[in-house]
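Trainee: Task: produce atomic coordinates for the following.
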Amino acid sequence: MGSKSRAIRGEQRGRTEAELKGLVTRLRGEGLSESDINRHATVRKLRAEAGRARARLSAIDAKEALNAQLAERKVAKLEAAKSASKKKGKKGADKDKTKDKAKDKDKSKDKAKDKDKDKTKGGAEQGKGKAKGGAEA
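Mentor: Below is the predicted model:
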């Protein structure tokens, strides 16, 4: 009974309860009292299995209800974000464009600085190499 599927658990519960009902009617036909039937090992076992199946089914119901709530919240959140972006409208788009332009300018300045640094490093390193090692071949 390790399945988490509603259909399988429902089948197991139905099968167990049918078997329990048949056993109880057979035991009554044999003349056993209700207290003797309730103490019967197989009856207790079948009732426990049916109870576990019912508990699992209720847990599956609770999980599905929670998933449905979470899905509704997610949809509502997405709709709120869309409506907020529509309200923001063109002003937000203009701000984004100006931010992008500023970032591009900063990047181009950084690249220019890096090129200048590379040029100065290259000259200094060449001078050191010739002084130490002599002529390069």
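Trainee: where are the low-confidence patches of this protein?
Mentor: 1-2, 89-137 (pLDDT under 70).
Trainee: All the strands of it, in order from the start?
Mentor: Residue ranges of strands cannot be listed for the chain, since DSSP state E assigns none.
Trainee: can you list contacts of stretch 22-33?
Mentor: Contact partners of stretch 22-33, identified using Cβ atoms under 8 Å, 6 or more residues apart in numbering, comprise 36, 37, 40, 42, 43, 46. Every residue, glycine included, has its C-beta placed from N, CA and C.
Trainee: show me the contacts for the first one.
Mentor: Contacts here follow Cβ under 8 Å, 6+ apart; on that basis residue 36 touches residue 27.
Trainee: how close does it sit to residue 16?
Mentor: Applying Cβ to Cβ, to the nearest Å, one obtains 21 Å for the distance of residue 36 from residue 16.
Trainee: Tell me which stretches of the protein form helices.
Mentor: Chain-ordered helices for the chain, with DSSP state H as the definition, fall at 6-29, 34-39, 41-133.
Trainee: Quick check: buried residues in stretch 79-88?
Mentor: Of the residues in stretch 79-88, none is buried under the neighbour-count criterion (16 or more other Cβ atoms under 10 Å).
Trainee: do the same with stretch 63-76
Mentor: When neighbours are counted by 16+ other Cβ under 10 Å, no buried residue of stretch 63-76 is found.
Trainee: Output that stretch as PDB, nothing but the C-alphas.
Mentor: The C-alpha coordinates for stretch 63-76 follow below in PDB (Å, rounded to 0.1, in the frame of the first residue of the first chain):
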ATOM      1  CA  LYS A  63      -2.400  18.000  -0.800                       C
ATOM      2  CA  GLU A  64      -4.500  18.600  -3.900                       C
ATOM      3  CA  ALA A  65      -6.300  21.400  -2.100                       C
ATOM      4  CA  LEU A  66      -3.000  23.000  -1.200                       C
ATOM      5  CA  ASN A  67      -1.700  22.700  -4.700                       C
ATOM      6  CA  ALA A  68      -4.900  24.400  -6.100                       C
ATOM      7  CA  GLN A  69      -4.500  27.300  -3.600                       C
ATOM      8  CA  LEU A  70      -0.800  27.700  -4.600                       C
ATOM      9  CA  ALA A  71      -1.700  27.700  -8.300                       C
ATOM     10  CA  GLU A  72      -4.400  30.400  -7.700                       C
ATOM     11  CA  ARG A  73      -1.900  32.500  -5.800                       C
ATOM     12  CA  LYS A  74       0.600  32.200  -8.500                       C
ATOM     13  CA  VAL A  75      -1.900  33.200 -11.200                       C
ATOM     14  CA  ALA A  76      -3.000  36.200  -9.100                       C
END
